[in-house]
Structure formats: structure tokens, C-alpha cells
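[1] Build the 3D model from these lines:
(4 chains)
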Protein chains: 2
Amino acid sequence: MTLLEPTPAGPGLAPKLGRKRDHTRDPEILDAALDVLAETGYDGMTIDMVAAKAKAGKATLYRRWDSKADLVLDAVACMKPVETDFSKLPNTGTLRGDLLAMIKTPNVQDAEKKLKIMAGIVSMISRYPDLAEAASAAMVEPRAAANRFLMQRSKDRGEMRADADIEALSMISASMVSYRVLMLRKTATREFLVNLIDQVVLPAAGIARG
Amino acid sequence: MTLLEPTPAGPGLAPKLGRKRDHTRDPEILDAALDVLAETGYDGMTIDMVAAKAKAGKATLYRRWDSKADLVLDAVACMKPVETDFSKLPNTGTLRGDLLAMIKTPNVQDAEKKLKIMAGIVSMISRYPDLAEAASAAMVEPRAAANRFLMQRSKDRGEMRADADIEALSMISASMVSYRVLMLRKTATREFLVNLIDQVVLPAAGIARG
DNA sequence: CATATACGAAACTCAACAGTTTCGGATATC
DNA sequence: GATATCCGAAACTGTTGAGTTTCGTATATG
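    Below is the predicted model of the structure:
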């Protein structure tokens, strides 16, 4: 689970005395960190908050991660991404059907949490490139890849116009949801998302209203 | 210029003794604050940095604004917005021409600076609703209004499809530029912007390639 | 059962920073 | 020219929070 501060134990020859570290707590601590991050942002987040929310001691956290920055980086990197197995993505026969299936409630709630985390991190991006990399890999890239897949399939079946720029089209929804939530401070209602598909994505893809 | 901490002097009857406050320094200080904000984000920004960049004393800043939060709020609120006089917006006869005219270099650089400021502020917006309001009024709303105007004119002349959702379409470019810069950490090149217009905005508006 | 490490809790150190005060000098009113 | 306020510079205060250490206890190896 923990990717970047895995086990300080060297490879092979350390017999290891004493009580063992309870690694089942790692994900709990990382989840607590993500919660606090989403609520307060990176700078507002304190290690004590995370420890309290995880019902752990501060020393326990510092035994596992070297610094606040390391903890956050690991929490973001270990975050569960959206479906990365394309064969499990919706396959309704139309792009509209697939996109509608992608905005089921749990998916949207997951995205909103990730947006809050992103909001708490954006100001760090220029200072910690590693963090930006991890956030991109965990939150933005998987979603973009899923959209690219659905759109390529649509193009292959001749539904989408042949000269459509999938690279650009696949970013529309994520971009506009982010902007709406972060800049306009409105919620991404289902109504908004459906309208986005029907009024922007599908027309831009050259798919007439059905 | 200063909107929110204008003059502590009461209305009318304060004869005012002593050296007068040099209000020509206000915009210089606010500009310095915006620079630091864009570079370091709200939490990374210190009053000493702003004072140093403005070549002013810390006490001078606190004589004019009650707190760091007030200073930032005022700096954002006093920021020069994009053209708010619609009659001065481009008017080329086609939506494509107008949109291309909107992405001249100075406009784009101004937008990038504003994006960096936005990035330094987003994590605050849940904590300081006033700041969010000011940022929206200074940075997002004027741009959206300009786009709505250009698009409504295009629709009126029968260029854009009659059932197009201007509210949604006018947010496409700002959304996708923000996402690209803040989340994907790529620059908004002219090539990207032109492609955005030709591959997303115009097709979504039902305007065929010329 | 001796030793070594993990645990949560809490006390501790140290640096950064918001906000205040003080200073010597400049500029305004009366 | 007396007084009041401004200025920039710098010293000062108080709080917050990252990171460390200590303590009593739990759990592992040998």
C-alpha cells in the first residue's frame, strides 16, 4: 500500500527484534490525512489533526513518514484511482449512454472528494513537483484515460466525427466540473453534468441529439 | 482604488493634522501583494515579503490594512478585470474571429497571472467566502460575461445553432485553460488555444469548420 | 524473562510569522 | 516652530505548528 516509505528494513538480513509495526494502520492514517487535506488544505492541515482523526500518536506518524510533505505525498499516491480496467467501463453502445453511466452518484461523490483534495494541493504544485506528479497520476490521468477509451471506441464505430480531437474532448468534463466547483463554487449537480454531455461534449464530438 | 479599507476618516468633520498618507503607494503595495500571492500562494506569502517587494515598511501596510486577510482581499478586489465594456470587444463578424482576437498575447499573459493568483487562493475559499466572492467578481465573471456577449451576438446573427446553451459554452475555454495549467501543469500555448476553439468551442456551438 | 521495538499520550524545542512598538526623520496643519 | 501624522527600518511579542523526546504499556524475538 504505502509506496514511497515502504519498509526502512534493508533487503534480506535484518532479523528484527521487538514488537512489529502494525501496517494495517497505514491506510487508516493515509485516509485520515486525505480527509483533513480535503477539509483544510495542505497548509491548514496539521499532523496533530491527522493523528487525532486516525486515533494514533504523533510519534507513530513520524516513525512511518519523515515529514508532513512525505505523508501527504504518500496519501495522494496511494489513493484509489477511478476504474483503470477498461473492460469494466460502461459499454452501452452509444457514447451518450457510456458517459451517462459514468456519472452515477458514487462516481460523482468520489470525484468531488478528489476535487477538494486537489484544491488543497494546487498552491503546492509549484513548490513540490513530486506531489503534482502523484496527484496527476492518481486523480487526473486515470479519468482522462477512461474518457479517451470511451471516445476512441465511439470514433471507431463511426459515431463520433472522424476528425474529432479526442485528446481535447476527453478533458472537457473534468475541466468544466473542476472550474464550476473550484472557481464558481457551485456544486456539480446531476442536472449540470447531463447538460454538459448534451450541450457540450456530444455536439463537439459531432454527435447529433438523439 | 482601495475599496474596502478606504479612509478611516469619518465623514466630514475631521480636520486632519500631520503628514498625509501617500495614497499613490496603495496600488504599488497591492500589486506587490498580487505578485507574491501568485508566486507563493496565500499561506506561503508573508507580510514582510510584500513590504520588501513594495519597498515599504511593515508598519505602513498595517496602517492601511487591518490584517493579511484584508490586504489580500483588497488586492484581489482592486485587480484590473478584463474588458468590461462590451463595445470595445473584438467584432470581426464571425465567432471564430472574435475568439481568436481574444487570445492575443497580452490577454493570455494576464490570464495566466490571474490563474496563478487563483491557485494561491483556492484552498482559502471555503474559509473566507468574501475572498471567493472578490476573486470571482474580479477574475472569472468578467471573462465569462465577455464570452457570453460574443456568443449571444453570434447566435443573434444566426451563426451559432439556435438551441446552443451559451451559459455552458461560455465557460469552456476558461475551464479547460484552468484545468490544463493548474491540474496538468502545462502551459496554455497559442496552439492549444486555437485548437480549443476549432475542435471544441465552435463544433459545440454548431459552427462548421470554415 | 530479558531485550528491543511499537504503541498512544503528552511534554518539549525551535523556527517562522502575524501583528505591535519604537525609532529617527520627513511633511503636513495651525 | 509646536504638534501631529506619515514614512521605512528594525526590534519586539505571542502564537502556532513541525518535528523530537519521554513515559508507561503492549507485543514481538531469543
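[2] Spell out which parts of chain A neighbour DNA strand C.
    Applying C-beta under 7 Å from any atom of the strand, we find that chain A lies next to DNA strand C at A:16-22, A:25, A:51, A:55-60, A:63-64. Using the backbone N, CA and C atoms, a C-beta is placed for each residue, glycine as well.
[3] Show me how to select, in ChimeraX, the buried members of those.
    Selection of buried members from those for ChimeraX, criterion 16 or more other C-beta atoms under 10 Å in any protein chain shown:
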select /A:25,51,56,64
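[4] What about the residues of chain A next to DNA strand C, which are in helices?
    Using DSSP state H, A:25, A:51, A:58-60, A:63-64 are the members of those that sit in helices.
[5] Is residue A:36 in a helix, a strand, or coil?
    In three-state terms, and counting by DSSP: H, G, I helix; E, B strand; the rest coil, residue A:36 is helix.
[6] quick revisit: got the ones in helices among the residues of chain A next to DNA strand C as CSV, with distance to residue B:106 and pLDDT columns?
    Listed next are these as CSV, based on distance: C-beta to C-beta, whole Å; pLDDT from 0 to 100:
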residue, distance to residue B:106, pLDDT
A:25, 54, 97
A:51, 49, 98
A:58, 50, 98
A:59, 54, 97
A:60, 53, 98
A:63, 53, 98
A:64, 49, 98
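[7] Residue A:77 and residue A:130 touch, don't they?
    No - assessed by C-beta atoms under 8 Å, residue A:77 is found out of contact with residue A:130, at 9.0 Å.
[8] So between these two, which is more surrounded?
    Counting neighbours by other C-beta atoms under 10 Å in any protein chain shown for residue A:77 and for residue A:130 shows that residue A:77 has the greater number, 18 against 13.
[9] List the contacts of the closest residue to the more buried one other than its chain neighbours.
    Leaving out its chain neighbours, the residue that sits closest to residue A:77 by C-beta to C-beta, 6 or more residues apart in numbering or on different chains is residue A:134, at 4.2 Å. Contacts of residue A:134 were listed using C-beta atoms under 8 Å, 6 or more residues apart in numbering or on different chains, and they are A:73, A:76-77.
[10] Take those residues and keep only those in helices.
    Those of these lying in helices (DSSP H): A:73, A:76-77.
[11] Buried ones in the host helix or strand of residue A:98, by neighbour count?
    Using DSSP states H and E, residue A:98 falls within helix A:95-102. Residues of helix A:95-102 classed as buried by neighbour count (16+ other C-beta under 10 Å): A:95-96, A:98-100, A:102.
[12] what do you get for stretch A:119-132?
    For stretch A:119-132, a neighbour-count test (16+ other C-beta under 10 Å) marks A:119-126, A:128, A:131-132 as buried.
[13] In strands only, show me these.
    Among these, none falls in strands (DSSP state E).
[14] Go through those and name the one nearest residue B:45.
    Checking these against residue B:45 with C-beta to C-beta, the nearest one is residue A:123 at 9.9 Å.
[15] For chain A, which residues are neighbours of DNA strand D?
    Close to DNA strand D, as judged by C-beta under 7 Å from any atom of the strand, chain A has residues A:15-20, A:44-48, A:58-59, A:62, A:67-69.
[16] in chain A, which residue is closest to the centre?
    What sits nearest the mean C-alpha location of chain A, by C-alpha atoms, centre = their mean, is residue A:139, with 2.6 Å.
[17] pretty sure residue A:143 is touching residue A:82, no?
    Yes - the pair residue A:143 and residue A:82 qualifies as a contact (C-beta under 8 Å) at a distance of 5.4 Å.
[18] Looking at these two, which is more packed in?
    When residue A:143 and residue A:82 are compared for neighbours, residue A:143 comes out ahead with 22 against 18, by other C-beta under 10 Å.
[19] Enumerate every residue touching the more buried one.
    With C-beta under 8 Å, 6+ apart, residue A:143 has these contacts: A:82, A:111, A:174.
[20] Let's see the pLDDT reported for the first one.
    Per-residue confidence at residue A:82 stands at 93 (pLDDT).
[21] do the same with the last one
    We have a pLDDT of 97 for residue A:174.
[22] what about it, distance to chain B?
    Distance of residue A:174 to chain B, given as C-beta to the nearest C-beta, to the nearest Å: 6 Å.
[23] What segments of chain A are helices?
    According to DSSP H, the helices that chain A contains are A:25-44, A:47-53, A:58-64, A:68-77, A:95-102, A:105-121, A:129-135, A:141-156, A:166-169, A:172-178, A:190-196, A:202-204.
[24] for the third one, the distance to its chain's centre please.
    In other words, helix A:58-64. Mean C-alpha position of helix A:58-64 versus that of the full chain (C-alpha atoms, centre = their mean, to the nearest Å) differs by 25 Å.
[25] residues making contact with that helix?
    A:2, A:5, A:21, A:25-26, A:29, A:47-48, A:50-51, A:54, A:71.
[26] Report the buried members of these.
    Buried among the contacts of helix A:58-64 (16+ other C-beta under 10 Å): A:2, A:25-26, A:29, A:47, A:50-51, A:54, A:71.
[27] just those residues now: which is nearest residue A:163?
    residue A:2 (45.2 Å).
[28] Which pLDDT value belongs to that closest one?
    You'll see residue A:2 listed with a pLDDT of 49.
[29] Ok, the one 5 residues further on next?
    Each residue has a pLDDT score; the one for residue A:7 is 45.
[30] And for residue A:47?
    98.
[31] In contact with it, which residues?
    Contacts of residue A:47 (C-beta under 8 Å, 6+ apart): A:58, A:61-62, A:68, A:71.
[32] cutoff 10 Å now
    Contacts for residue A:47 (C-beta atoms under 10 Å, 6 or more residues apart in numbering or on different chains) come out as A:33, A:36, A:58, A:61-62, A:65, A:67-68, A:71.
[33] returning to what we had before: quickly list what's touching both of residue A:143 and residue A:82.
    Contacts common to residue A:143 and residue A:82, judged by C-beta under 10 Å, 6+ apart, are A:102, A:107, A:110-111, A:114.
[34] Just put the residues you listed in TSV and tack on distance to residue B:86 and pLDDT.
    Converted to TSV, the shared contacts of residue A:143 and residue A:82 look like this (distance: C-beta to C-beta, whole Å; pLDDT from 0 to 100):
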residue	distance to residue B:86	pLDDT
A:102	37	97
A:107	39	92
A:110	40	94
A:111	35	95
A:114	37	96
